[in-house]
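**Q** After the sequence you'll find the predicted model.
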Amino acid sequence: MDSLIKVFFCLSVFLLLGEINGVEGSDKNQRMYGFRPTKLFVFGDSYADTGNIKKSLSSSWRFPYGITFPGKPAGRFSDGRVSTDFLGISSL
């Protein structure tokens, strides 16, 4: 049991240090190259519903999809914003 706790502790420290380094690295690259991305290209997966389906082929263009955001059906199988919507807003 003691060895399991040591493994868990080491893994936790490793993950924590990895996160701190990742955040620091992205800030460093922005200063070094003077580059700030202005576009976010998302091709769709389980975290992003891009909604690029023809109206005639999909039920996502019908009620109740989209009633929360943007207020009408938009071809997305979600009823509101997804993670990429929040990323796009925060980069403005």
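**A** In hand now; what should we look at?
**Q** which stretches of this structure form helices?
**A** Counting by DSSP state H, the chain has these helices, from start to end: 2-33, 83-90.
**Q** Could you tell me the average pLDDT over the last one, please?
**A** This means helix 83-90. Across helix 83-90, pLDDT averages out at 70.
**Q** The first one now?
**A** With pLDDT averaged residue by residue, helix 2-33 scores 69.
**Q** same check, this time on stretch 57-66
**A** 80.
**Q** Residues touching it, excluding its own?
**A** 51, 53, 55, 72, 73, 74, 75, 76, 77, 78, 79 (C-beta atoms under 8 Å, 6 or more residues apart in numbering). In short, each C-beta sits where N, CA and C put it, glycine included.
**Q** can I have it written out in CSV, keeping just the CAs?
**A** The C-alpha coordinates for stretch 57-66 follow below in CSV (Å, rounded to 0.1, in the frame of the first residue of the first chain):
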residue,chain,number,x,y,z
LEU,A,57,-29.5,15.7,-44.7
SER,A,58,-29.6,16.6,-41.0
SER,A,59,-32.2,17.0,-38.2
SER,A,60,-29.8,19.4,-36.5
TRP,A,61,-31.5,22.2,-38.4
ARG,A,62,-34.8,21.7,-36.6
PHE,A,63,-36.2,22.5,-33.2
PRO,A,64,-35.0,22.1,-30.4
TYR,A,65,-31.3,22.3,-31.4
GLY,A,66,-29.9,25.8,-31.0
